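Asks: below: sequence and its predicted model.
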Amino acid sequence: MAGASACGGAGCGPHCSSSSSGAGAEGDAPAERMGRLSIAAGASTTTCGKCDGGGAVVAVSGGAGMCGECFRAYLFGKFKLAVTSNAMVRPTDAVLLAFSGGPASRVALQFIHEMQSKAIQSWETSNSQALPAFGVGVAFVDESALLARPEHESEMATEDIKSIVSSLSPGHKKVHVAPLEDVFSSGSEDKAATLKEVVGMINDETGRDDFIRCLLMLSLQKIALENGYTKIMLGTCASGIARHVLSATVKGQGYSLPADVQYVDTRWDVPVVLPLHDCLAQELSLLCELDSLKTQQLLDRPCSGINSLVASFVSRLRDENPSREHTILRTAQKLKPFSFNMFSANGYHDFLPSRLRPKFQNVDTNDTTFSEILCLICGSPFSESELQNLENTKHKAQRKIDMYTAHCCQSCHFQILPAATDMYEHFFSLLPKFWTEKVDTAVTASANHGSLRDQIEDYLLEEDDDEN
Amino acid sequence: MGSSVGEGAKLQPSRAGSRLCVRCGERKAALKRPKTLEQICRECFYVVFEDEIHQTIANNSLFKAGDRVAIGASGGKDSTVLAYVLSELNRRYNYGLDLFLLSVDEGITGYRDDSLETVKRNEIQYGLPLKIVSYKDLYGWTMDDIVKAIGLKNNCTFCGVFRRQALDRGAALLKADKIVTGHNADDIAETVLLNILRGDIARLSRCTFITTGEDGPIPRCKPFKYTYEKEIVMYAYFKKLDYFSTECIYSPNAYRGFAREFIKDLERMRPRAILDIIKSGENFRISTTTRMPEQGTCERCGYISSQKLCKACVLLDGLNRGLPKLGIGRTKVGAGAERNTSSLQGKHGNFDF
């Protein structure tokens, strides 16, 4: 289906995937594939415009034709700029790279490896050895339980991934392979069955797709927390972000949209960073071909429902105008990000060279918590109407279920919660405790705070405006 | 908006004859409501359709008693249904409005003459006085002349800009307090998407406003903001309203546009998506400083303008000086003027209402 090739063959990030550059495409001649990529067409000359090497143009950007070397440098430059100018990785960080097996995350893996290698070299040759090199680990979340794939395929894919990672040296990178169902802390019960049951309770096709993405993020968080990682790096690229802009718009999530399209996302226990933010899927696919970077897409799950429709739409737009994805991105960048879209812990930016620190001066505060209420399933910050609904529910609610429901954003409420309200209880009981416990804590905290206030209300001179 | 019946769940297709209306439970269901997929009878459809529009008008305080309101009437289904429903609601709920039909004659032979005949019939059928303003009178050029001069590439841009001013001038002649247009939910959803695709953040922040131009001469509003195009067609069909349904002869052939196709596909998959796009548009976190360009007036004609000369004067200049590309595309020299004529044009050619 058209959705499969929408990413131009590059699965953007750990959860969005396309299977068009799987086994079938390997038979195509590289030149033919490049011919299909509009970024290579329209070069005004056939030799590189950036260097003196006179190499053949493989890609065009901003009107300038680039040879393979320059193209790689161009992409790596974007990656590195994103990492440094957003202070994504500190020397003390342990970075967990989310690896889906697709071209985008493969490039992310390659580039972070190169940055790590340089850091290791610097450290080894430095006299003081004051700046250690950051650590890198790789996570792959196995969705086989939902794909009904034969077990040997899953094993093959896993082995492949391990061999890809182990071929990168220096810098040993641990590979963490976790089945998606591990997010359910069911204990002795069959987690895969729980996963299938809860997904089966979702009637809406798009809702199922999005729900699985939420579980994927949770899975990454879990792996990171359990193994001491301090950052999660996603391979989400510009094309994936452009698609997200449109699909969020179409789902009524215009308010929360900016939260997911920035370089940095600290909503989660382990902050998430997107260094391929400005690279197009086509560019990343091309680099994998040029450099023979191995990808593994046996276990790809194509997006479905509205997400698939959006993918086809963006694909048609891209065919008509290759820079359309960038324009969509630019529009999204003009929307106001949230407070959690930057690192604001006190002293976070101390590791930066002094010339870069001024940029972050007004950001470092003592306040490490943010005030937005987040959807319990997808993490979207609540809009005013959702907050109002939550407030109303707080005053009326007798049952926990009502509080859980009120902590779901309107989109999750519509497309993820079961159609029949009498199924809510069961549905919420199956959800990862990680999610529902957060609401339990918030509710208890709020009740405690309220009861404290009751005791001293007569002595308060000012209105307490900390409603949320 | 509507019950949750059918939303998200897949209804088994069943013949209308075998089911009762889910609203009244008395009459046979005659149709599936495009907005909610509820199976209802005709009478209940009229009720929910008209009621939702009344709620939109009331909740947004679109009018006050005594307002003279000019209904932009093209003779097409949106404006015909608008005229019909507005005069009906005006009567039923005593809005106290003085309603007029205001029509623009772009001078397109074989198309506009026919649709104007429709509006003239509406004048009689609905008992609403009609005023027609023409491009010929206002600008000295008909669309036929313009197309002869510049061809079919940017003609929609000219027409859109000229029509907007023509409506304002006609409304001023009528001493109207407000203009209403038939822009429906599908139009607004399409505009939101197009503005995202074009990177036009300023327009994106304004395009979901139900009333615009409040600081200008005559504000205009869109009572059909939440009304689905399909339901307007359905209403016109069942009520056997008289309207003109051919596409403008100068619009690109077989033109649907990527965005409109996409919205149609979306609607099929999830009817409420159209309203969801509008809701997103209303909720985008856009800083207010980016919203409004500075309001001034045109040096030449006095019309409202953010530049020295209003767009209509710039375009007219181009026509009169034989420079058809003047005012088309971006102001950068050599920029792809072609871009503006791509599939990113809306149904009406430009994106300002």
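Replies: Looks like it arrived, so ask away.
Asks: which bits of the stretch 301-450 of chain A sit near chain B?
Replies: The stretch 301-450 of chain A comes close to chain B at residues A:305-306, A:309, A:313, A:316-317, A:320-321, A:324, A:327-328, A:330-332, A:334-336, A:383, A:414-415, A:419, as judged by C-beta under 8 Å from any C-beta of the partner chain. Backbone N, C-alpha and C define where each C-beta goes, glycine included.
Asks: give me the buried subset of those.
Replies: Using 16 or more other C-beta atoms under 10 Å in any protein chain shown as the burial test, those include A:305-306, A:309, A:313, A:317, A:321, A:324, A:327-328, A:331-332, A:334-335, A:383, A:414-415 as buried.
Asks: okay, now the unreliable bits of chain B?
Replies: B:1-17, B:252-256, B:289-293, B:330-353 (pLDDT under 70).
Asks: just checking, what packs against the host helix or strand of residue A:288?
Replies: Element membership for residue A:288 (DSSP states H and E) is helix A:281-290. In this structure, helix A:281-290 makes packing contacts with helix A:30-36, strand A:59-61, helix A:68-85, helix A:103-125, helix A:238-250, judged by 3 or more C-beta pairs under 8 Å, 6 or more residues apart in numbering or on different chains; DSSP states H and E.
Asks: how about the last one against chain B, any contact?
Replies: Yes: using C-beta under 8 Å from any C-beta, helix A:238-250 reaches chain B at A:245, A:246, A:248, A:249, A:250.
Asks: what about the strands in the stretch 351-468 of chain A?
Replies: In the stretch 351-468 of chain A, no strands are found when defined by DSSP state E, counting those that start in this stretch.
Asks: which residue ranges of it form helices?
Replies: A:384-396, A:400-406, A:410-415, A:424-430, A:433-456 (DSSP state H, counting those that start in this stretch).
Asks: how about residues contacting stretch A:406-415?
Replies: Under the criterion C-beta atoms under 8 Å, 6 or more residues apart in numbering or on different chains, residues A:202, A:204, A:206-207, A:210, A:251-253, A:256, A:373, A:375-378, A:380, A:382, A:385-386, A:389-390, A:393-394, A:397, A:405, A:416-417, A:439, A:442, B:7-8, B:272 lie in contact with stretch A:406-415.
Asks: would you confirm that residue A:185 contacts residue A:436?
Replies: No: taking C-beta atoms under 8 Å as the definition, residue A:185 is not a contact partner of residue A:436, at 11.2 Å.
Asks: who has more neighbours out of the two?
Replies: Taking other C-beta atoms under 10 Å in any protein chain shown, residue A:185 and residue A:436 do not tie; residue A:436 has more neighbours (19 against 12).
Asks: so what's that one up against?
Replies: A:376, A:404, A:428.
Asks: what of residue B:162?
Replies: Counting by C-beta under 8 Å, 6+ apart, residue B:162 has contacts B:106, B:135, B:138, B:139, B:312, B:315.
Asks: quick check: the gap between it and residue B:133.
Replies: Distance, residue B:162 to residue B:133, using C-beta to C-beta, to the nearest Å: 10 Å.
Asks: which phi and psi does residue A:309 have?
Replies: Torsion angles at residue A:309 (phi, psi; degrees, to the nearest 10) stand at phi -60, psi -50.
Asks: do the same with residue A:91
Replies: Torsion angles, degrees, to the nearest 10, at residue A:91: phi -60, psi -30.
Asks: what sits against the residue nearest to residue A:372 when sequence neighbours are not counted?
Replies: Spatial nearest neighbour of residue A:372, excluding adjacent residues (C-beta to C-beta, 6 or more residues apart in numbering or on different chains): residue A:381 at 4.0 Å. By C-beta under 8 Å, 6+ apart, the contact set of residue A:381 is A:255, A:256, A:259, A:338, A:372, A:373, A:374, A:375.
Asks: name the member of those with the most neighbours.
Replies: Going by other C-beta under 10 Å, residue A:256 tops the contacts of residue A:381 with 26 neighbours.
Asks: does that one touch residue A:386 like I think?
Replies: No: between residue A:256 and residue A:386 there is no contact, the gap being 9.2 Å when judged by C-beta under 8 Å.
Asks: get me the contact residues on the stretch 151-300 of chain A for chain B.
Replies: Selection of the stretch 151-300 of chain A residues close to chain B by C-beta under 8 Å from any C-beta yields A:203-204, A:206-207, A:245-246, A:248-255, A:257-258.
Asks: quick one: the helices and strands packed on helix A:281-290 as JSON lines, columns for mean pLDDT too.
Replies: Below are the helices and strands packed on helix A:281-290 laid out as JSON lines (pLDDT from 0 to 100):
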{"stretch": "helix A:30-36", "mean pLDDT": "40"}
{"stretch": "strand A:59-61", "mean pLDDT": "75"}
{"stretch": "helix A:68-85", "mean pLDDT": "94"}
{"stretch": "helix A:103-125", "mean pLDDT": "93"}
{"stretch": "helix A:238-250", "mean pLDDT": "97"}
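Asks: strands along the stretch 151-300 of chain B, start to end?
Replies: B:178-180, B:211-212, B:220-221, B:296-297.
Asks: most tightly surrounded among these?
Replies: With neighbours defined as mean count of other C-beta atoms under 10 Å in any protein chain shown, the strands of the stretch 151-300 of chain B peak in mean count at strand B:178-180, which reaches a mean of 25.
Asks: got the contact list for it?
Replies: So strand B:178-180 is contacted by B:62-63, B:67-72, B:82, B:86, B:102, B:167-168, B:171, B:218-223 (C-beta under 8 Å, 6+ apart).
Asks: which of those are buried?
Replies: Among the contacts of strand B:178-180, those buried by neighbour count (16+ other C-beta under 10 Å) are B:62-63, B:69-72, B:82, B:86, B:102, B:167-168, B:171, B:218-223.
Asks: among those residues, which lie within helices?
Replies: B:82, B:86, B:167, B:168, B:171 (DSSP state H).
Asks: could you check how many residues crowd around the nearest residue to residue A:53 once chain neighbours are set aside?
Replies: Distance criterion C-beta to C-beta, 6+ apart; nearest residue to residue A:53, sequence neighbours excluded, is residue A:67 at 6.2 Å. Using other C-beta under 10 Å as the criterion, residue A:67 is surrounded by 21 other residues.
Asks: next: residue B:159.
Replies: 24.
Asks: repeat for residue A:84
Replies: Neighbours of residue A:84 using other C-beta under 10 Å come to 15.
Asks: check residue B:50 too.
Replies: Residue B:50, neighbours per other C-beta under 10 Å, totals 17.
Asks: follow-up on the earlier one: ok, and of the ones in helices among the buried ones among the contacts of strand B:178-180, which contact chain A?
Replies: Among these, chain A is touched by none when using C-beta under 8 Å from any C-beta.
Asks: check contacts around residue A:405.
Replies: A:393, A:413, A:417, A:424.
Asks: and which of the residues you listed is nearest to residue A:447?
Replies: Proximity to residue A:447 was ranked across the contacts of residue A:405 by C-beta to C-beta; first place goes to residue A:393, at 13.7 Å.
Asks: so where's chain A shaky on pLDDT?
Replies: Chain A contains residues with pLDDT under 70 at A:1-45, A:62-63, A:186-188, A:361-370, A:397, A:463-468.
Asks: how many residues are close by the closest residue to residue A:153 other than its chain neighbours?
Replies: Closest residue to residue A:153 apart from its sequence neighbours, by C-beta to C-beta, 6+ apart: residue A:298 at 5.5 Å. Neighbours of residue A:298 under the rule other C-beta under 10 Å: 17.
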